[in-house]
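A.B. asks: sequence-free structure coming up:
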């Protein structure tokens, strides 16, 4: 299942053969998160660490949501206990799971409960706590970023009603509930990731600050 969803793109990949060095438990390592935030700041050309930290958190959230939601929509929720990640400046964020296992699911509600436990409680909350030791980010911004990353997972691959149903179910659960909603043009968040503060950045397509949002 992980190999199948990995074909959707690099954000959907979870490796099961962890060759080489540099793999660490995801993602409570404040030292590595500080380095990642600094790298984002340098590449984006911003001196505001909270901007870089916000976008780094959103990228990590997207890497978590994408493969898990895609797999769950196909009938199996991966167990991310033991998840590892590898990153070096100039390289993409890689995820690895040396002992893949999971749960079969039949409905969107059943899948959402497991995905919420695995992703939100198991990894995003600890990640948010670890990031708080690196940079100060408002709660609304953090969970808005997580909601945006989740909704964005629908934009890759062919339209899948099962994936869409699962995403909507997850967006109705705390701490994502109220972070945004779907309109005629797709998901619109109620907060801003701060990308507009990046030199030349502008606003994202789901930004709540856009006119008419």
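C.D. replies: Here it is on my side, so go on. Remember, it's a predicted structure, so these values are computed and weren't measured experimentally. Numbering: from 1, shown residues only.
A.B. asks: where in this structure is pLDDT low?
C.D. replies: 211-213 (pLDDT under 70).
A.B. asks: the strands in this structure, which residues?
C.D. replies: Secondary structure of the chain by DSSP state E: the strands cover 24-25, 76-78, 84-86, 94-96, 102-104, 180-183, 186-189.
A.B. asks: among these, which is nearest residue 14?
C.D. replies: Residue 14 lies closest to strand 94-96 among the strands of the chain, at 4.8 Å (Cβ to Cβ). Placement of C-beta: from N, CA and C, glycine included.
A.B. asks: list the contacts of residue 95.
C.D. replies: Listed by Cβ atoms under 8 Å, 6 or more residues apart in numbering, the contact set of residue 95 reads 13-15, 26, 63-64, 67, 83-85.
A.B. asks: skipping its backbone neighbours, what lies nearest the spatially most central residue of the chain in space?
C.D. replies: Nearest residue to the geometric centre of the chain (Cα atoms, centre = their mean): residue 61, 1.7 Å. Distances taken as Cβ to Cβ, 6 or more residues apart in numbering put residue 149 closest to residue 61, at 4.0 Å, once the chain neighbours are dropped.
A.B. asks: separation between that neighbour and residue 156?
C.D. replies: 12 Å (Cβ to Cβ, to the nearest Å).
A.B. asks: could you do residue 42 as well?
C.D. replies: According to Cβ to Cβ, residue 42 and residue 156 sit 27 Å apart.
A.B. asks: equivalent analysis for residue 65, please.
C.D. replies: From residue 65 to residue 156 the distance is 11 Å (Cβ to Cβ).
A.B. asks: neighbour count winner among the two?
C.D. replies: Per other Cβ atoms under 10 Å, whichever of residue 65 and residue 156 has more neighbours is residue 65, with 26 against 14.
A.B. asks: the nearest residue to the more buried one once chain neighbours are set aside: neighbour count?
C.D. replies: Leaving aside its sequence neighbours, residue 65 sits nearest to residue 150 (Cβ to Cβ, 6+ apart; 4.8 Å). Residue 150 has 29 neighbours, counted by other Cβ under 10 Å.
A.B. asks: stretch 180-189 spans what distance, first to last residue?
C.D. replies: One end of stretch 180-189 to the other measures 4 Å (Cα to Cα, to the nearest Å).
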